[in-house]
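>>> Test case, fold it:
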Amino acid sequence: MNIITIDLEDWFCHDNYTQDFNWHKYEVRIEIGLDLILEELDKNKIKATFFCLGWIAKYQPKIIRKIYDAGHHIGCHSYQHQLSYRFNKKQFIEDTGKAKMLLEDVIGDKVNSFRAPSFSFTKSNLYAFEALVELDFEFDCSVFPTTRECGGLSDFEYNTPAYISYNGIKIKEFPMSLYSFFGKKIVYSGGGYFRILPYNFLRYITNKSDYVMTYFHPSDFDPGQPRMKHLSLLRRFKNEAGLNNSFPKFQKYLSEFNFINITEADKLIDWENAKTVFLK
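Reported below is the predicted structural model:
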């Protein structure tokens, strides 16, 4: 099961990058990478899940509508890409609910899936799962089942879709996929990881994996985007490495493997016999 998802955000859409939310002052480049993605998905007859920012739905609704009209599945990626653990439960509900409403108003359809910005669900904000159920989401794709810069849930012991149970609620979880390499869990299937790793290695891991969750961004395929020189050298490397060769690699990946979106994957899973992860 290879699942393809796109986190729909522009090159500046991250609270750690710009340190402000006056995004109107930045150059809009989102359609450069997005059009490449949509064309390649169409060429390979693939329907993806796009996790979209509510801010884009508010100020650039035609972009959301273009994706939806092409037959893709629309999910929610917060309003303005603030890390989820910076909110308390009430603030998280307000931010996520606002984004969900804006997206649903644009597409005229229910938004049933969520991904936290930068996979920022941690032990400190497990209430977010309760909030998602209260907001009538069916699927979450926020769990990064190991530690990382912006969060991670190492208690999630399965590398497959499963139910999450927390404080009396249950929700279907599609976690990030990891691969055990010489005893170390590595991420490979999205963002900077995908851009940096050699293609033959990506192909090998994908062939060996029963479950692959990918995540890409329009900026992954825009080598002309402005550079954020105020960031740390490590963060700049993660943002900029592999940009010149990433799209041919993406093209090859889509042509060699079969991909489905979240709603298609949901229909293939025997949820009655699925594992449950109890968080506390």
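>>> Not counting its own residues, what contacts stretch 205-212?
1-3, 159-161, 177, 179, 188-189, 253, 257 (CB atoms under 8 Å, 6 or more residues apart in numbering). Quick note: C-beta positions are derived from backbone N, CA and C, even for glycine.
>>> Just the buried ones from these?
1-3, 159, 161, 177, 179, 188-189, 253, 257 (16 or more other CB atoms under 10 Å).
>>> Of those, which pair is most distant in space?
161 and 253 (21.0 Å; CB to CB).
>>> thinking again about what came up before, name the weakest-confidence residue in the buried ones among the contacts of stretch 205-212, if you would.
Least confident of the buried ones among the contacts of stretch 205-212 in the model: residue 159, at 84.
>>> I'd guessed it sits against residue 175; true?
Yes. With contact defined as CB atoms under 8 Å, residue 159 reaches residue 175; the gap is 7.2 Å.
>>> So for the two, which residues contact both of them?
residue 145.
>>> can you map out the strands along the stretch 151-280 of the chain?
162-166, 169-173, 179-181, 184-186, 212-213, 276-278 (DSSP state E, counting those that start in this stretch).
>>> Turn the buried ones among the contacts of stretch 205-212 into JSON lines, columns for distance to residue 277.
What follows is the buried ones among the contacts of stretch 205-212, written out as JSON lines (distance: CB to CB, whole Å):
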{"residue": "1", "distance to residue 277": "18"}
{"residue": "2", "distance to residue 277": "22"}
{"residue": "3", "distance to residue 277": "18"}
{"residue": "159", "distance to residue 277": "12"}
{"residue": "161", "distance to residue 277": "11"}
{"residue": "177", "distance to residue 277": "15"}
{"residue": "179", "distance to residue 277": "20"}
{"residue": "188", "distance to residue 277": "22"}
{"residue": "189", "distance to residue 277": "20"}
{"residue": "253", "distance to residue 277": "29"}
{"residue": "257", "distance to residue 277": "27"}
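>>> Looking at these, which is nearest residue 43?
residue 253 (12.8 Å).
>>> number of nearby residues for residue 247?
When neighbours are defined as other CB atoms under 10 Å, residue 247 has 18 of them.
>>> Remind me which helix or strand residue 74 belongs to.
strand 73-76 (DSSP states H and E).
>>> That strand packs against which elements?
strand 49-52, helix 61-69, helix 89-107, strand 113-114, helix 262-268 (3 or more CB pairs under 8 Å, 6 or more residues apart in numbering; DSSP states H and E).
>>> and the contacts of stretch 205-212, which of them are in helices?
Mapping the contacts of stretch 205-212 onto helices (DSSP state H) picks out residue 253.
>>> thought residue 63 was touching residue 34?
Yes. Under the criterion of CB under 8 Å, residue 63 makes contact with residue 34 at 6.9 Å.
>>> Now for those two: what residues contact both?
With CB under 8 Å, 6+ apart, residue 63 and residue 34 have common neighbours residue 8.
>>> give me every residue that touches residue 74.
Contacts of residue 74 (CB under 8 Å, 6+ apart): 49-50, 52, 64, 67-68, 103, 107, 109, 111.
>>> Kindly recompute the last result at 10 Å.
Taking CB atoms under 10 Å, 6 or more residues apart in numbering, we find residue 74 in contact with 8, 49-52, 57, 64-65, 67-68, 103-104, 106-107, 109-113.
>>> Mark which of the residues you listed are buried, thanks.
8, 49-52, 57, 64, 67-68, 103-104, 106-107, 111-113.
>>> What is the nearest of the residues you listed to residue 148?
Of the buried ones among the contacts of residue 74, the one sitting nearest to residue 148 (CB to CB) turns out to be residue 51, at 17.4 Å.
>>> What count of nearby residues applies to residue 171?
17.
>>> you'd agree it is up against residue 121?
No. Using CB atoms under 10 Å, residue 171 is not in contact with residue 121, being 11.4 Å away.
>>> Can you check which residues contact both of those two?
114, 129, 132, 140, 164.
>>> JSON lines for those, including pLDDT and neighbour count?
As requested, the shared contacts of residue 171 and residue 121 are exported to JSON lines (pLDDT from 0 to 100; neighbours: other CB atoms under 10 Å):
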{"residue": "114", "pLDDT": "98", "neighbour count": "27"}
{"residue": "129", "pLDDT": "96", "neighbour count": "24"}
{"residue": "132", "pLDDT": "98", "neighbour count": "26"}
{"residue": "140", "pLDDT": "98", "neighbour count": "23"}
{"residue": "164", "pLDDT": "95", "neighbour count": "24"}
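>>> Noted, bye for now.
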